[in-house]
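# Turn this into a model:
(chains A and B)
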Amino acid sequence: MSAFLKMTKVAARSGAALVCMVAAVGCGSSRHSHMVDEESPRRLLAEGERPAPAARPEASPEPSRPAEKAFGARYATPAQCEVAARRLLATSRDEAWAALKSCVERTHFTLLNALLSDAWAEELRVRPDAAQVIAQVVAQRGGSVEGELPLLHARKVPIFGLSAAIEQPDIYKGRYLLLRAQVADVRSEGDKPTVWLVEQGLGSVASEQPVGYSTQKDSVSVRSGTLGGDVGLLGRSNLGGQIASSERELSSSTVRRFDNVSDETGREALGRLRKADPFFAPGKDFVVLARFDGLRVTSGGEEDDEDAPRLPVLTIVGYYAPHPLIVY
Amino acid sequence: MITAVLLALRCSTPDVAGTALPPEALGAPPQVDESPTAWACTVETLRAGRECVFEAEVTSSTDTDVQSQAAGNIRALKDIGRTLCAQAAKPPSGVAADKNLAAQCERKFADAAEDACGLDGKVPVVDAKGRFAPAARACYRQLSQVLQDTAMMATVASACCQCAEKRGCPGTGERCHENVSRQEVGPAALACLANQCGEACSLVIPASQMTSRDSRPATQARRSSQAAGSL
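Here you go, the predicted structure:
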């Protein structure tokens, strides 16, 4: 019996090592491009439906740095960290949530589908900082808010976009919004500042990048000559002529390159801050999590009161600098 | 025993209604902050001509004091009109306000207040912190227009009109600022301005007018020069 147990343990360790290796290889194979592949949502959702490998004690990854104080710092990859945090759900939900937050904060955590899986669904619903954790992960995935919101909505996570709130303010009043925005201006009343936010959309621009070496060959040939002689009645005459030819040969190789660019969407909003924050500065993009407080009529525009331009007002809950590489 | 088990089951049941959730939780009911922001339209934004949003902490008046509320709204704005007009009528180069222009501004400001700022006595036009009520947008815009026109006239016409008055040019008085800023000065007045107040009126008199002493009105002169330019 004890020999059987020993064999089982050995098998479990081998399985865990295999999971670690696969995870490490998977994470270590990120390419030098502006796009980082992630497993398809369908596949991850399917995994979320059966979190057996993660839930099984024998599949739990061993910490590579067990002495580290912060949970997230103990694991080599975000995937290992999330699996280990998920394992804690069985014993303590508080500890599991704290561990997951540590994973998000201490590793480059981009596993949004794992975060949105069934295992964490209840924590996302009840934890006061769940929306901030989601916003942080969206920022770490590059801050493509337009692209990420459908993933949240597929899991019925009630975080919405600014455009939807502007379209139907009564429906979205008081709800969480997520937007990518820049600070344009700030005014303060007492110690409570309000920033003017300009929403940014994320796109890409293509360009041709030269690679390797290029060659250029120029050749010019000129032929000229004159002819003189007596041509009878006309007397002595001269004829001259010139033939010139040039040739240019250019050879180079280019690859098509795509750069992420953010541009204004045309939507703007006012965002209340709890206190002045010098890091929330103009000129940089941020992923902003906020509550929608409704629309306010502005003083601008020539329209009548009914058609007057309106500006959304938000209460900013948190903001995060987006990572330059985007995860699709 | 059964009661204890039921109680234990009840305690272990997850919260469904969401009432016990922290207000920040995603499962909690929506939360709205209706309080005004630092971008509220105030007397200060009116003075500076800055963009703002209409939000204030005002409550609707009762039916009994509607008339007094309307009168109070108008009176409150007339009171601040003097200060705002004195600032708007100050030429950029001068230290003192153009008195004629300030008086004209005050009159128009009061008219605008009478016209659009009573709000039928339904709500106070400004709240305790001087923020304009959302219903006061039309009022705010009219008052703002008066101040902007005054500031513009102070910049382009004040020095010219003060000079014209001193030199006794025709067409001076209350209409001078408007006429000069709109370049609708009559031929005689234009000739006088060009002769007597060339430097003070250089902003409003075309250079060709200053040199040729053309007696045509400025608008006509400009039109013909534009036509020549297009050819």
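
# quick one: the residue in chain B that chain A sits nearest to from residue A:313, how far?
Taking C-beta to the nearest C-beta, chain A has its nearest neighbour within chain B at residue B:30, 2.6 Å off. Any C-beta I mention is one placed from the backbone N, CA and C, and that applies to glycine too. Distance of residue B:30 to residue A:313, computed by C-beta to C-beta, to the nearest Å: 14 Å.

# cool, residue B:116 as well?
For residue B:116, the distance to residue A:313 - C-beta to C-beta - is 25 Å.

# who's more crowded, the two?
residue A:313 (26 against 20; other C-beta atoms under 10 Å in any protein chain shown).

# so what's the more buried one up against?
With C-beta atoms under 8 Å, 6 or more residues apart in numbering or on different chains as the criterion, the residues that contact residue A:313 are A:269, A:270, A:271, A:272, A:292, A:293, A:294, A:295, A:296, B:37, B:53, B:55.

# Torsion angles phi and psi at it?
The phi and psi torsions at residue A:313 (degrees, to the nearest 10) take the values phi -110, psi 130.

# Show me the beta-bridge partners of it.
residue A:270 (DSSP bridges).

# What's the separation between it and residue A:160?
Taking C-beta to C-beta, one finds residue A:313 at 15 Å from residue A:160.

# Next, the most centrally placed residue in chain B: secondary structure please.
Centroid check for chain B by C-alpha atoms, centre = their mean gives residue B:144 as the closest residue, at 1.3 Å. What DSSP: H, G, I helix; E, B strand; the rest coil gives for residue B:144 is helix.

# which residues does the nearest residue to it once chain neighbours are set aside contact?
Counting by C-beta to C-beta, 6 or more residues apart in numbering or on different chains, residue B:144 lies nearest to residue B:46, which is 5.8 Å off, once chain neighbours are set aside. For residue B:46, the contact set (C-beta under 8 Å, 6+ apart) comprises B:84, B:132, B:140, B:143, B:144, B:147.

# Quick check: the fifth one vs residue A:111, distance?
By that I understand residue B:144. Taking C-beta to C-beta, one finds residue B:144 at 53 Å from residue A:111.

# now the first one
Summarising the geometry, the distance separating residue B:84 from residue A:111, computed by C-beta to C-beta, is 58 Å.

# now the second one
In this structure, residue B:132 and residue A:111 are separated by 49 Å, where distance is defined by C-beta to C-beta.

# what's the top helix by length along chain B packed up against?
Counting residues, the longest helix found in chain B (DSSP state H) is helix B:66-88. Helices and strands touching helix B:66-88, as assessed by 3 or more C-beta pairs under 8 Å, 6 or more residues apart in numbering or on different chains; DSSP states H and E, comprise helix B:43-48, helix B:99-116, helix B:137-156.

# Mean pLDDT for the ones you listed - can I get that in CSV?
What follows is these, written out as CSV (pLDDT from 0 to 100):
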stretch, mean pLDDT
helix B:43-48, 95
helix B:99-116, 94
helix B:137-156, 93
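
# Surely residue A:323 touches residue A:137?
No: contact criterion C-beta atoms under 8 Å: residue A:323 and residue A:137 do not qualify, at 10.4 Å.

# Of those two, which one has the most company?
Neighbour count, other C-beta under 10 Å: between residue A:323 and residue A:137, residue A:137 has more, with 23 against 17.

# is it true that residue A:101 touches residue A:129?
Yes: between residue A:101 and residue A:129 there is a contact at 7.3 Å, judged by C-beta under 8 Å.

# Now whatever residue of the stretch 51-200 of chain A ends up closest to chain B: which helix or strand?
Proximity of the stretch 51-200 of chain A to chain B (C-beta to the nearest C-beta) peaks at residue A:174, 2.6 Å away. Using DSSP states H and E, residue A:174 is not contained in any helix or strand.

# near chain A, which residues of chain B?
Selection of chain B residues close to chain A by C-beta under 8 Å from any C-beta of the partner chain yields B:14-15, B:21-27, B:29-34, B:36-41, B:45, B:51-55, B:134, B:137-138, B:140-141, B:144.

# in the stretch 51-200 of chain A, which ranges drop under the pLDDT threshold?
A:51-59 (pLDDT under 70).

# Going along the chain, name the strands of it.
A:159-160, A:176-189, A:192-230 (DSSP state E, counting those that start in this stretch).

# Indicate which one of those is closest to residue A:146.
Among the strands of the stretch 51-200 of chain A, strand A:192-230 comes nearest to residue A:146, with 6.5 Å by C-beta to C-beta.

# tell me the angle the closest one makes with strand A:176-189.
Inter-element angle recorded for strand A:192-230 and strand A:176-189: 100 degrees (by axes from the mean of the first three to the mean of the last three C-alpha atoms, to 10 degrees).

# Sort out which residues of strand A:192-230 are buried, please.
A:193, A:194, A:195, A:196, A:197, A:198, A:199, A:200, A:201, A:202 (16 or more other C-beta atoms under 10 Å in any protein chain shown).

# My read is that residue A:70 contacts residue A:106, right?
Yes: between residue A:70 and residue A:106 there is a contact under C-beta under 8 Å: 5.2 Å.

# Looking at those two, which has the bigger crowd around it?
Neighbours around residue A:70 and residue A:106, counted as other C-beta under 10 Å, are more numerous at residue A:106. The numbers are 17 against 13.
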